[in-house]
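A.B. asks: My questions concern the predicted model and sequence given below.
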Amino acid sequence: MDWGVQCGIRGLVEVARRDRWRSLMAPRYVCGAGVSADTAHEIAQAFVPGAVAEYLDDVRVEVMTWLDTQTDATLDAVPAFRNHNEKVDGYTEPQVWSEIDSLVGIPAWQILARPCISHIRVHIGEVDVTLQALGAARE
């Protein structure tokens, strides 16, 4: 959600890249798109749950404050998605760009619905299934 709203739609620096959170997000992690499975595991192991919760609170406040100011017209507008991502080192590297280029030319509300909501729900489902499998294995 941080990347989708801040970078993709608004063209701003993500919360994760600001001073308070910069140490959490190594530049090679980019927005998570196009990273290898090994890097994804490294990312998951590197983050401290309490810090992640605080970061998510900061993202939530920023995104909700922005969302409260939106209208149907602004959400129907097509952001300069490619241009916004070109401002960030790594986001237009082939392995990353191939994962996100389908978002070029779509309205802001679709970016919110697709990577910011639906994609996250898929990952939440993965966590739920993993936890259920671990619980079943213990029984």
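C.D. replies: It's in. Numbering: from 1, shown residues only.
A.B. asks: separation between residue 98 and residue 33?
C.D. replies: To residue 33, residue 98 is 9 Å away according to C-beta to C-beta, to the nearest Å. Placement of C-beta: from N, CA and C, glycine included.
A.B. asks: Pick out whichever of those two has more residues nearby.
C.D. replies: Neighbour totals were compared for residue 98 and residue 33, and residue 33 leads with 20 against 11 (other C-beta atoms under 10 Å).
A.B. asks: Tell me the pLDDT of the more buried one.
C.D. replies: Looking at residue 33, its pLDDT reads 76.
A.B. asks: Spatially nearest residue to it (excluding sequence neighbours)?
C.D. replies: Nearest residue to residue 33, sequence neighbours excluded (C-beta to C-beta, 6 or more residues apart in numbering): residue 99, at 3.8 Å.
A.B. asks: Now do the helices in the protein.
C.D. replies: 37-46, 49-67, 72-76, 81-86, 94-100, 108-111, 119-138 (DSSP state H).
A.B. asks: Point out the most buried one among the ones you listed.
C.D. replies: Across those, averaging neighbours per residue (mean count of other C-beta atoms under 10 Å) puts helix 108-111 on top, at a mean of 18.
A.B. asks: any idea of the mean pLDDT in stretch 41-52?
C.D. replies: Mean predicted lDDT for stretch 41-52 stands at 78.
A.B. asks: what's the straight distance from one end of it to the other?
C.D. replies: Terminal residues of stretch 41-52 are spaced 15 Å apart (C-alpha to C-alpha, to the nearest Å).
A.B. asks: any idea how far that stretch is from the chain center?
C.D. replies: Put simply, stretch 41-52 sits 15 Å off its chain's centre (C-alpha atoms, centre = their mean, to the nearest Å).
A.B. asks: what do you get for stretch 132-139?
C.D. replies: So, by C-alpha atoms, centre = their mean, the centroid of stretch 132-139 is 30 Å from its chain's centroid.
A.B. asks: Then stretch 49-67?
C.D. replies: With C-alpha atoms, centre = their mean, you get 12 Å for stretch 49-67.
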